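Participant: Need a 3D model of the following:
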Amino acid sequence: MLWLALCALLLGLLALLAYLLPIAINSNLQLRAEPSGSWTVALGIGIGPLALSGIAAHGVKPFVACHLFGKQLVRVPLARWLRPPPPQEPAAAELEASVQAAHFSRVERWLARSFRNLDPVETLLAWWETERVFEVERLVVDVEYSFSDIALTGQILAGLYMLAGVLPERFVINQTPVWEFEDRLALVADGRFRIWTVRMVVDVLRFVLKQNAQARRTAVPVGH
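Facilitator: As a prediction, this is how the structure comes out:
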């Protein structure tokens, strides 16, 4: 019983530390689009020794890779999830949906019903406004661009200058307009963030339960 109590105490202390202390996340986003139509998008996220990366490019199947201490653990192609499903007749689609639902557990069906009632915009705003859940320590964006409409290049230049003037100091925008009559874009964003993961999970669950309760109260009964 003593060992059980000590284990419970240790787990409680770890949960308390996870609730109070944030996790530091480093990220890097690179995007490039050329006048020829070729494009590349690469995203990397680092959490201590763990690194996640995703790459998509013109003519290349996108994939996500996970590395630990620089060694690749897994590499997952995303083509099968990004491929649009073939068109189906309404009856066939309903039958397939019912068959798929039969293979889901109760927890999976509950999660699907819960998140289906959420308004995405309201959810993001509520999560963003929650205190000490997500914090941007620094975000540096370097962008180089040109457009076939040179007046649009000037408008983007002025708009980014205005935006850089009103943002806090931890947000930095470095821009290089290229006055050429062609569409070209190169963007590199380096960021460092802090996330209170346990608080985020608790707040998300609280928000989901609140939204589902409101949805049940406002639901119109069948036959009315």
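
Participant: what's the neighbour count on residue 68?
Facilitator: Using other Cβ atoms under 10 Å, residue 68 has 12 neighbouring residues. The way it works is simple: take the backbone N, C-alpha and C, and place the C-beta from them, glycine included.

Participant: pretty sure it contacts residue 50?
Facilitator: Yes. Assessed by Cβ atoms under 8 Å, residue 68 is found in contact with residue 50 at 5.7 Å.

Participant: Next, work out how far apart residue 197 and residue 191 are.
Facilitator: Per Cβ to Cβ, to the nearest Å, residue 197 is found 17 Å from residue 191.

Participant: neighbour-wise, which of these two wins?
Facilitator: When residue 197 and residue 191 are compared for neighbours, residue 191 comes out ahead with 18 against 14, by other Cβ under 10 Å.

Participant: Is the more buried one bridged to anything, and to what?
Facilitator: Beta-bridge partners for residue 191, by DSSP bridges, are residue 27, residue 139.

Participant: same check, this time on residue 68
Facilitator: residue 50, residue 71.

Participant: contacting residues around it?
Facilitator: By Cβ atoms under 8 Å, 6 or more residues apart in numbering, the contact list for residue 68 reads 49-51.

Participant: change it to 10 Å
Facilitator: Residues near residue 68 by Cβ atoms under 10 Å, 6 or more residues apart in numbering: 48-51, 74.

Participant: Reformat these as JSON lines; add neighbour count, distance to residue 22 and pLDDT.
Facilitator: Putting the contacts of residue 68 into JSON lines (neighbours: other Cβ atoms under 10 Å; distance: Cβ to Cβ, whole Å; pLDDT from 0 to 100) gives the following:
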{"residue": "48", "neighbour count": "11", "distance to residue 22": "13", "pLDDT": "82"}
{"residue": "49", "neighbour count": "10", "distance to residue 22": "17", "pLDDT": "87"}
{"residue": "50", "neighbour count": "12", "distance to residue 22": "16", "pLDDT": "89"}
{"residue": "51", "neighbour count": "18", "distance to residue 22": "19", "pLDDT": "91"}
{"residue": "74", "neighbour count": "9", "distance to residue 22": "26", "pLDDT": "87"}
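
Participant: Alpha carbons of the longest helix anywhere in the chain, as PDB, please.
Facilitator: The helix that spans the most residues within the chain, counting by DSSP state H, is helix 197-218. Extracted as PDB, the C-alpha positions of helix 197-218 are listed here (Å, rounded to 0.1, in the frame of the first residue of the first chain):
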ATOM      1  CA  THR A 197      -0.400  21.200 -22.700                       C
ATOM      2  CA  VAL A 198      -2.400  20.000 -19.700                       C
ATOM      3  CA  ARG A 199      -4.200  23.400 -19.400                       C
ATOM      4  CA  MET A 200      -5.000  23.300 -23.100                       C
ATOM      5  CA  VAL A 201      -6.500  19.800 -22.800                       C
ATOM      6  CA  VAL A 202      -8.600  20.800 -19.800                       C
ATOM      7  CA  ASP A 203      -9.800  24.000 -21.400                       C
ATOM      8  CA  VAL A 204     -10.600  22.200 -24.700                       C
ATOM      9  CA  LEU A 205     -12.600  19.500 -22.900                       C
ATOM     10  CA  ARG A 206     -14.400  22.200 -20.800                       C
ATOM     11  CA  PHE A 207     -15.300  24.200 -24.000                       C
ATOM     12  CA  VAL A 208     -16.400  21.000 -25.800                       C
ATOM     13  CA  LEU A 209     -18.800  20.000 -23.000                       C
ATOM     14  CA  LYS A 210     -20.100  23.600 -22.800                       C
ATOM     15  CA  GLN A 211     -20.800  23.800 -26.500                       C
ATOM     16  CA  ASN A 212     -22.500  20.400 -26.500                       C
ATOM     17  CA  ALA A 213     -24.700  21.400 -23.600                       C
ATOM     18  CA  GLN A 214     -25.800  24.500 -25.500                       C
ATOM     19  CA  ALA A 215     -26.400  22.500 -28.600                       C
ATOM     20  CA  ARG A 216     -28.700  20.100 -26.700                       C
ATOM     21  CA  ARG A 217     -30.600  23.000 -25.100                       C
ATOM     22  CA  THR A 218     -31.200  24.700 -28.500                       C
END
